[in-house]
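# the amino acid sequence is not available; the structure is as follows:
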């Protein structure tokens, strides 16, 4: 299940031999978020996303509610000292109902690289607004050294949907990933080689309906010291191996299948403010889904930052973590 990969040697500038190896932080201080301007039920992703629900509301009302929830979440993050870069408006006339979930189509690294990923459905491929993303990052003082496509830009088979499917343990250069239509093994290993990751921990999952979990981040989250996971969703023959790998460096908060599927308790993200205060960014549903003992455990590792986003969760089939594309890029100058 676990396959170590050769680590790519770090380049040391011969003019600066004292240069220290770059340690990639686990927690980001800034995120990109995309306003849900045409947010509705996505028919294309509904084929394998069991978390999407249809609401008995007009599409315009769904979009209006989603925008209200989004704007309130942006304000809450900013008040906590987390930098939010909002990507607003788009030139493409084709609807992108899931654009509010940008973490699937791009990631950033402390080395200054922006990676862009192959997406499962056509309308999600249209979300990849690279020509608008890069100026936004530069305008906010971030340094972009390289833009790299994972696979071919028109790839339709070897899919890898960013941090929807990959859960990073950044300091240890390893990744956890649940295999599915959105996470093809060959592309996962291709990306690991590109990044010089040392270990890929790939595993199979089953929901309560017996289907693969479409995105790893709805059943698992990895903070600096705490891992949140629904081990029940990992197939029995691989469960112990996944648990052991996590336990090497993290305390584990284990979720039930109901907590994962009904409350999005795993779809949370640990971040930190510019002042270094750690937060758990999550939905109101997720917080209410944790038991009192689990809430206390979370609070030992960070302050809960709770966001009511019922429309975005129910219609989009994703929660707060899906809305946050972390920015790990170095600052200019």
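Cool, got the structure. Fair warning: this is a prediction, and the values are worked out from it, not measured in the lab. Numbering: from 1, shown residues only.
# only C-alpha atoms from now on, for both contacts and neighbour counts.
Fine.
# verify the contact between residue 239 and residue 229 for me.
No: the pair residue 239 / residue 229 is not scored as a contact, 10.9 Å apart, by CA atoms under 8 Å.
# which one of the two is surrounded by more residues?
residue 229 (28 against 16; other CA atoms under 10 Å).
# quick one: pLDDT of the residue lying closest to residue 256 once chain neighbours are set aside?
Among residues not flanking residue 256 along the chain, residue 230 sits closest, at 5.8 Å (CA to CA, 6 or more residues apart in numbering). Looking at residue 230, its pLDDT is 98.
# and residue 230, how many neighbours does it have?
Residue 230 has 22 nearby residues by other CA under 10 Å.
# residue contacts, it?
Contact partners of residue 230, counting by CA atoms under 8 Å, 6 or more residues apart in numbering, are 219-220, 254-257, 260, 266.
# and if we set it to 10 Å?
Contacts for residue 230 (CA atoms under 10 Å, 6 or more residues apart in numbering) come out as 205, 218-221, 253-261, 265-266.
# which residue ranges of the stretch 1-150 of the chain form helices?
59-79, 122-125, 130-139 (DSSP state H, counting those that start in this stretch).
# could I get the average pLDDT for the first one?
If I follow you right, that is helix 59-79. Computed over helix 59-79, the average pLDDT equals 94.
# helices and strands around that helix, which ones?
Counting contacts by 3 or more CA pairs under 10 Å, 6 or more residues apart in numbering; DSSP states H and E, helix 59-79 packs against strand 30-34, strand 83-87, strand 278-283, strand 303-307, helix 310-316.
# mean confidence score for the last one?
Averaging pLDDT along helix 310-316 yields 90.
# and the third one, by the same measure?
Averaged across strand 278-283, the pLDDT comes to 98.
# partners of that strand, with directions?
strand 269-272 (antiparallel), strand 303-307 (parallel) (DSSP bridges).
# a markdown table for the ones you listed, including distance to residue 156?
Output for the strands paired with strand 278-283, formatted as a markdown table (distance: least, CA to CA, whole Å):
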| stretch | distance to residue 156 |
| --- | --- |
| strand 269-272 | 28 |
| strand 303-307 | 34 |
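# which stretch among those strands is buried most, on average?
Ranked by mean neighbour count, the strands paired with strand 278-283 are led by strand 269-272 with a mean of 24 (mean count of other CA atoms under 10 Å).
# export the strands paired with strand 278-283 to a markdown table and tack on mean pLDDT and distance to residue 151?
Shown next, in a markdown table, are the strands paired with strand 278-283 (pLDDT from 0 to 100; distance: least, CA to CA, whole Å):
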| stretch | mean pLDDT | distance to residue 151 |
| --- | --- | --- |
| strand 269-272 | 98 | 27 |
| strand 303-307 | 98 | 35 |
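# returning to that earlier point: which of the helices of the stretch 1-150 of the chain sits most buried?
Of the helices of the stretch 1-150 of the chain, helix 122-125 is the most buried (mean count of other CA under 10 Å), at a mean of 18.
# gap between whichever strand or helix holds residue 296 and the chain center?
Element membership for residue 296 (DSSP states H and E) is helix 292-301. Computed by CA atoms, centre = their mean, to the nearest Å, the chain-centroid distance of helix 292-301 equals 22 Å.
# and that helix with strand 278-283, angle?
Interaxial angle of helix 292-301 relative to strand 278-283 (axes from the mean of the first three to the mean of the last three CA atoms, to 10 degrees): 140 degrees.
# buried ones in helix 292-301, by neighbour count?
297-298, 301 (16 or more other CA atoms under 10 Å).
# next: stretch 225-236.
Those would be 226-234, for stretch 225-236 by 16+ other CA under 10 Å.
# same check on stretch 193-208?
Quick answer for stretch 193-208 (16+ other CA under 10 Å): 193, 195-207.
# can you check the pLDDT for the nearest residue to residue 150 once chain neighbours are set aside?
Leaving aside its sequence neighbours, residue 150 sits nearest to residue 117 (CA to CA, 6+ apart; 5.2 Å). Residue 117 is assigned 98 on the pLDDT scale.
# rebuild the helices and strands packed on helix 59-79 as a markdown table, extending it with distance to residue 135.
Converted to a markdown table, the helices and strands packed on helix 59-79 look like this (distance: least, CA to CA, whole Å):
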| stretch | distance to residue 135 |
| --- | --- |
| strand 30-34 | 12 |
| strand 83-87 | 10 |
| strand 278-283 | 26 |
| strand 303-307 | 28 |
| helix 310-316 | 27 |
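# before we move on, the earlier item: quick one: which of the helices of the stretch 1-150 of the chain is nearest residue 147?
For the helices of the stretch 1-150 of the chain, proximity to residue 147 was assessed by CA to CA; helix 130-139 is nearest, at 9.1 Å.
# other residues contacting that closest one?
Taking CA under 10 Å, 6+ apart as the rule, helix 130-139 contacts 32, 85-91, 105-106, 114, 116, 141-144, 147, 327, 329, 331-332.
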